[in-house]
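Engineer: One predicted model, sequence on top.
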Amino acid sequence: MLVSVTAVGGLLAVGLATTTVVNVVATEAEGHRIESYGDRVPVDGGMMNVFLSGAGDVVLLPGFGTSSPVLDFAPLATDLAKDHRVIVAEPFGYGLSDGTQRERTTENIVSEVHAALEALEVDPYILMGHSIAGIYGIEYAARYPEEVTAFIGIDSSVPGQPGMDTQFPTGLLAAAKHLGLLRLVAAAGDGYGDAYSDHAREQMQMLTQRNSISSTYLNEMTHIRTNFERALGTGFAEDLPVLLFVVSENEKSPEWLGLHERQALSVTDGTVVPLPGEHYLHHTHATEIADGFRQWAATRAK
């Protein structure tokens with residue numbers, strides 16, 4: 001038994017040494033293959049990357065940990081750009097934006113994104129956000145009500161949703177990345193679907209390896225619990241129009257749709273559009289989201 005255990009331990013050590021070396025070499029090589037896109041704007045001593053189509057009246061904000069918001073939102077942004085001016089913001093630690101040492105509190109993230117839009121002289125605009133951007137969007141709209149004309153959620157987070165009091169194993173995740181284990185997991189599949197070209201998928205995978213489990217990423221992960229605690233009892237202003245595209249059946253959270261229906265009822269003009277599928281609805285339902293947004297906007301323009 002001792003010999004067997006020693007042999008297994010030796011194999012694991014060799015395997016981890018191999019994945020660590022492969023990860024270092026691959027990361028170095030990928031750094032030269034990642035292609036630039038968008039424009040970089042100075043914010044708080046760093047550079048934030050944004051992609052503009054026109055001056056921008058729809059601002060897209062990503063969910064937590066999105067490797068490249070610009071590429072991730074591309075199918076939806078391209079559709080929206082047919083008749084809207086679109087900006088995709090890549091917060092610090094996302095896409096081609098710099099990392100930062102500032103704490104990843106909702107307050108800091110919101111103020112940084114606003115500073116980038118302010119530098120671009122974007123005003124007014126509609127916020128459209130995926131996942132945790134629903135929490136950031138509440139504070140954003142409250143702090144800049146003269147600029148935000150509506151909020152559109154893409155399976156967006158809501159205050160009080162279950163499971164957000166979790167303590168994430170950031171140290172374990174950092175070790176797993178260093179050992180190259182996350183690269184192995186990522187190689188099993190990216191989940192982007194047919195809306196993305198092979199080239200776009202490759203770029204997003206490389207940016208995932210660069211940005212995931214970075215110090216900025218881990219800091220934001222650490223703040224998820226406290227950011228949700230801060231959001232408890234908050235909501236959008238009663239007079240702010242809200243449109244929410246929501247996964248119609250969430251097996252892990254059966255009350256998911258109901259939480260969004262209650263959020264929509266908390267404002268004068270709130271609409272919920274259930275869609276079948278998974279959390280990243282804009283990967284599989286970009287056309288439905290863009291068309292639904294157009295129809296919703298058209299009724300309010302009359």
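Structural biologist: Noted; the coordinates are in hand. Numbers count the residues shown, from 1 in each chain.
Engineer: The residue minimising distance to the centre of the chain in helix, strand or coil?
Structural biologist: Centroid-nearest residue in the chain: Gly63, 2.0 Å away (criterion: C-alpha atoms, centre = their mean). Here Gly63 is coil, with the state taken from DSSP: H, G, I helix; E, B strand; the rest coil.
Engineer: quick one, strands of the stretch 1-150 of the chain?
Structural biologist: 39-43, 46-53, 58-61, 86-90, 125-130, 148-154 (DSSP state E, counting those that start in this stretch).
Engineer: so which of the ones you listed gets nearest Thr100?
Structural biologist: strand 46-53 (5.6 Å; C-beta to C-beta). All C-beta spots, glycine's among them, are computed from the backbone N, C-alpha and C.
Engineer: Packing partners of that closest one?
Structural biologist: For strand 46-53, the elements it packs on are strand 39-43, strand 86-90, helix 106-119, judged by 3 or more C-beta pairs under 8 Å, 6 or more residues apart in numbering; DSSP states H and E.
Engineer: With mean neighbour count and distance to His282 as added columns, please give those in JSON lines.
Structural biologist: Formatted as JSON lines, those follow (neighbours: other C-beta atoms under 10 Å; distance: least, C-beta to C-beta, whole Å):
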{"stretch": "strand 39-43", "mean neighbour count": "17", "distance to His282": "22"}
{"stretch": "strand 86-90", "mean neighbour count": "28", "distance to His282": "11"}
{"stretch": "helix 106-119", "mean neighbour count": "19", "distance to His282": "18"}
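Engineer: of these, which approaches Val58 most closely?
Structural biologist: strand 86-90 (5.0 Å).
Engineer: and that closest one, which strands flank it?
Structural biologist: Strand pairing for strand 86-90, determined by DSSP bridges: strand 46-53 (antiparallel), strand 58-61 (parallel).
Engineer: what's the angle between that strand and strand 39-43?
Structural biologist: 60 degrees (axes from the mean of the first three to the mean of the last three C-alpha atoms, to 10 degrees).
Engineer: Kindly provide the whole-number mean pLDDT of strand 86-90.
Structural biologist: When pLDDT is averaged along strand 86-90, the result is 97.
Engineer: Just the pLDDT for Asp44.
Structural biologist: 95.
Engineer: and the gap between the nearest residue to it once chain neighbours are set aside and Pro145?
Structural biologist: Distances taken as C-beta to C-beta, 6 or more residues apart in numbering place Glu112 nearest to Asp44, at 6.1 Å, with adjacent residues excluded. Distance of Glu112 to Pro145, given as C-beta to C-beta, to the nearest Å: 19 Å.
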